[in-house]
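In: Give me a 3D structure for the following:
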Amino acid sequence: MESPQFEELQGSLERIVYTNEENHYTVAQLLPDNDKKMVTVVGNLPSVQCGETLKMQGNWIHHTQFGQQFKIAKYESILPSSVTGLKKYLGSGLIKGIGPKFADRIVDVFGAQTLEVIDRFSGRLKEVPGIGAERASRIRIAWLEQKAVRDIMIFLQSYGITPSQATKIYKMYGDDSMAVVKENPYQLARDIYGIGFRIADQIARNLGMPSDSSKRIQAGIQYQLEQFLSEGHTCYPKELLVRAASAELLGVDEGPVERQITQMAHDGLLKIEPREDFIFLAGLHHSECGLARKLKLIASAPNRLPSVIIDKALEWADEKSHITMSDTQREAVKTAITSKLTIITGGPGVGKTTIVRNIVKILSYKKARIALCAPTGRAAKRLSESCSFFAQTIHRLLKYEPSEHGFAFHEGHPLEVDLIVVDEASMLDVPLAHHLFQAIPITASVILVGDVDQLPSVGPGNVLRDIIESNRANVIRLKQIFRQHHASQIIVNAHRVNEGKMPENSPGHTMDYESEEIEGESSPKAANGFGTGRIQSSSDFHLLPAETPEAALKRIVELCSQDIPESFGFRPIDDLQVLAPMHRGVCGVENLNRELQKALNPKSKDFRLRGGDEALEIERYGRLYRTGDKVMQIKNNYDKDVFNGDLGRITFISKENQRLIVRIDEKEIEYEFSDLDELLPAYAISIHKSQGSEYPAVVIPVLTQHYVMLQRNLIYTAITRGKKLVILVGSAKALGIAVRNNETAMRYGMLKTRLCE
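Out: This next block holds a predicted model:
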């Protein structure tokens, strides 16, 4: 077979039109040598910068929409030597400390020798106006780091490593980076966020590592088990794990996989639970066992709360709050004050907040030491406001110490509390619950408040449900709606959905999900199960028709950019939140964010640079980040003191310093460009990510294309996130599928079993 015949093209890279950092696909404009007319080049161009000279092999093609293009098959980069090329190269943000302004100054002084000066004679940079010894030193260090990253990038570019990932590899391993990768590429998957098993496996294959090597099989077992844990399991049956890891992931026989599981258990990496033949990661096994042990100890210990004459205390609380509690609420307060471990559960508007507020009021008057906490910052803030008592996130309550890689409060150094109240307890996963309960003294009483019918935690386990079903706690189930005032359709419809009934578009008009018609009198709204498509400020709950994903997308963008702000006065970015069942697809989180960013935060035409080093936008990981964007932190970062689910706004982007700043809860958090895989656009987020939060207004697409995700607790959770306005956009058929589907996904775990022992 003959090798393909390629043409050659060489020139200066003038402009990068588009780049996808996931696969390196780039569209750029190139000025060929000895030519004044720019051409378009397309192909995989990892780690290139404007100003570089590229020597390429490929073929000319004709694109039906964009015309003639040069499709790149191979390329090599030649550092620029012309003054113009050097200015573009250095001004592109390549080296931290050099932006467009300083790039011009440096090249004006040193001309074609600029790169040699930076590389070998960096002290001479002080000859440039505005550059002192400190900045010259920083530029020299950044240049050397960039050279090292570039060497790594050249080594790894054929293995699927992005420039940002190469930077992380260098930060982790320094000059040993290539040695570590060659020795055991699977170590990358363990050490570096954003590099998973599949990328590491591709590197290993290209390096010639055999498919049955113990390093590969052990890494595959851990990866496969972690995939199951990401679905909410704390463990997995050995037989199913072996089958998935061997045939589906690694392509090897089951025997070697079983042997490596045994070896990993012997080495302390895994735990095998013999009763059920379940396989645990060692850390999760420790967390689950420790959580069960501590829960039982707390539940069985004597109550040390201050003695209270309950009837008088309840009368006093009613008088102070000017709200008369119902008999059920009074019994709940009494139970919580006299019990060691109490769970208060129920849907929206059933009085959970009133109960907690009065418990805190009574016991704080009796000088009890009380701590209020919640899994997220938003939930903690809401708890603090409703109880007029300081509340904080669990992470901040336990005080994480980065230098120790652990929490300040733990079993050996417990919290000094008599009562701890945990709100939004349905969000507790096993690791977080374990850390929390290890820090609670056995003498303390615990109240868990949450809605067990919502989605379970994103992390592994089903803590709240397992505790309820184990009968280790006193459980108070609230059903009577107090917060209705005969006005809030949000609360009424949330309870309808939770009971398996279709929501009402307006009082007395209920959708039937078989015929997609409304039961009741004929009216314009009854023409379609999802109403007329118009919204009225007189109602807080709307069902708007959109039979196709494209129609739903268009309607959602209109709602967020025009209709809702005009009809209700909500701020488009700060007050509105789109909640989607899925990430992919036309109405998935990713595409919704792209379209909403265009509508709500378009690129300003008259934007001015601040100090010459601020950029309006930057693209990383195939996503565009723009000043003013709404973003979400997607992993716990204890060093930055930000956590999974925290929302913020981008306030500043600097190409020169390769960083951006996000304002989160009135704090300015700085991110390196290489850290942006922790930060996602958040005009739209998944319903799972919305747990524990409330928003003034939510918009929810519900389409048959979301079929695999449509279940009752998902829609119920989404509706309960809206405080003042909820709008569902889609079809009655899709909503009917969700309301009827009460089959919640089973999670493997042994917490309930351990609690029942």
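
In: could you point out which element follows the least confident helix or strand in the chain by mean pLDDT?
Out: Within the chain, judged by mean pLDDT, DSSP states H and E, the helix or strand with the poorest mean is strand 517-519; its value is a mean of 34. Next along the chain after strand 517-519, taking DSSP states H and E as the criterion, comes strand 541-545.

In: how about the CA coordinates for that next one, as PDB?
Out: Output of strand 541-545 as PDB, limited to C-alpha atoms (Å, rounded to 0.1, in the frame of the first residue of the first chain):
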ATOM      1  CA  PHE A 541     -45.700  27.600  38.200                       C
ATOM      2  CA  HIS A 542     -45.900  27.200  34.400                       C
ATOM      3  CA  LEU A 543     -45.900  24.300  31.900                       C
ATOM      4  CA  LEU A 544     -44.800  25.500  28.400                       C
ATOM      5  CA  PRO A 545     -45.100  23.400  25.300                       C
END
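
In: what ranges of the stretch 201-350 of the chain fall below the confidence cut-off?
Out: Of all residues in the stretch 201-350 of the chain, none has pLDDT under 70.

In: Enumerate the strands of it by residue range, in sequence order.
Out: For the stretch 201-350 of the chain, the strands defined by DSSP state E, counting those that start in this stretch cover 236-237, 270-273, 278-281, 341-346.

In: so what secondary structure elements neighbour the last one?
Out: When contacts are defined as 3 or more Cβ pairs under 8 Å, 6 or more residues apart in numbering; DSSP states H and E, strand 341-346 packs onto helix 282-300, helix 327-338, helix 352-365, strand 445-450, helix 463-470, strand 474-478. Every C-beta, even on glycine, is put in place using the N, C-alpha and C of the backbone.

In: Name the residues of the shortest one that are buried.
Out: If you call a residue buried by 16 or more other Cβ atoms under 10 Å, then strand 474-478 has these buried ones: 474, 475, 476, 478.

In: Excluding chain neighbours, what is closest to the first one?
Out: Which is residue 474. residue 339 (4.5 Å; Cβ to Cβ, 6 or more residues apart in numbering).

In: Could you do the last one as well?
Out: Residue nearest to residue 478 in three dimensions, not counting chain neighbours: residue 346, with 3.2 Å by Cβ to Cβ, 6+ apart.

In: for the third one, same thing?
Out: Taking Cβ to Cβ, 6+ apart, and ignoring the residues beside it in sequence, residue 476 has residue 332 as its nearest neighbour in space, at 4.4 Å.

In: What is the neighbour count of the one you found?
Out: Counted with other Cβ atoms under 10 Å, residues neighbouring residue 332 total 27.

In: Is it correct that it is in contact with residue 475?
Out: No. Shown here, residue 332 and residue 475 do not form a contact pair, counting by Cβ atoms under 8 Å, at 10.3 Å.

In: The nearest residue in space to residue 278 that is not next to it in sequence and residue 395: what is the separation?
Out: Excluding its sequence neighbours, the residue lying closest to residue 278 (Cβ to Cβ, 6+ apart) is residue 235, at 4.1 Å. With distances taken as Cβ to Cβ, to the nearest Å, residue 235 is found 25 Å from residue 395.

In: Which one of those two is surrounded by more residues?
Out: Each of residue 235 and residue 395 has its neighbours counted (other Cβ under 10 Å); residue 235 has more, 28 against 23.

In: residues contacting the more buried one?
Out: Residue 235 makes contact with 273, 278, 279, 280, 284, 285, 288, 748, 749, 750, according to Cβ atoms under 8 Å, 6 or more residues apart in numbering.

In: which of these has the most neighbours?
Out: residue 288 (28 neighbours).

In: was I right about it contacting residue 751?
Out: Yes. Look at residue 288 against residue 751 with Cβ under 8 Å: they come within range, at 5.5 Å.

In: State the phi and psi torsions of the residue nearest to residue 474.
Out: Phi and psi for residue 339, reported as degrees, to the nearest 10, are phi -110, psi 160.

In: tell me, how many neighbours does residue 416 end up with?
Out: 10.

In: Let me know the secondary structure of residue 420.
Out: Secondary structure assignment for residue 420 (DSSP: H, G, I helix; E, B strand; the rest coil): strand.

In: what residues are up against it?
Out: Taking Cβ under 8 Å, 6+ apart, one finds 370, 371, 372, 373, 440, 444, 445, 446, 447 in contact with residue 420.

In: mind running it again at 7 Å?
Out: Residue 420 makes contact with 371, 373, 440, 444, 446 under the criterion Cβ atoms under 7 Å, 6 or more residues apart in numbering.

In: now swap in residue 698 and tell me
Out: Residue 698 neighbours (Cβ under 7 Å, 6+ apart): 577, 579, 718, 721, 722, 726.

In: In a markdown table: those residues, plus secondary structure and pLDDT.
Out: A markdown table is the format used below for those (DSSP: H, G, I helix; E, B strand; the rest coil; pLDDT from 0 to 100):
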| residue | secondary structure | pLDDT |
| --- | --- | --- |
| 577 | strand | 97 |
| 579 | strand | 97 |
| 718 | helix | 95 |
| 721 | coil | 92 |
| 722 | strand | 93 |
| 726 | strand | 95 |
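
In: Show me which of these is closest to residue 413.
Out: residue 721 (36.2 Å; Cβ to Cβ).

In: so who does that closest one touch?
Out: With Cβ under 7 Å, 6+ apart, residue 721 has these contacts: 579, 690, 693, 694, 695, 698.

In: tell me which of those is nearest to residue 228?
Out: Of the contacts of residue 721, the one sitting nearest to residue 228 (Cβ to Cβ) turns out to be residue 690, at 23.7 Å.

In: quick one: that closest one and residue 578 touch, right?
Out: No. Using Cβ atoms under 7 Å, residue 690 makes no contact with residue 578, being 9.9 Å away.

In: ok, residue 410 touching residue 439?
Out: Yes. At 5.5 Å, residue 410 and residue 439 qualify as touching, with contact defined as Cβ under 7 Å.

In: burial measure for the residue nearest to residue 19 when sequence neighbours are not counted, as a count.
Out: Spatially, and ignoring its direct neighbours in sequence, residue 19 is nearest to residue 26 (4.5 Å; Cβ to Cβ, 6+ apart). The tally of other residues near residue 26 (other Cβ under 10 Å) stands at 20.

In: quick one: residue 26 is in a helix?
Out: No. Counting by three-state DSSP, residue 26 is not part of a helix but strand.

In: show me what contacts it?
Out: So residue 26 contacts 16, 18, 19, 43, 45 (Cβ under 7 Å, 6+ apart).
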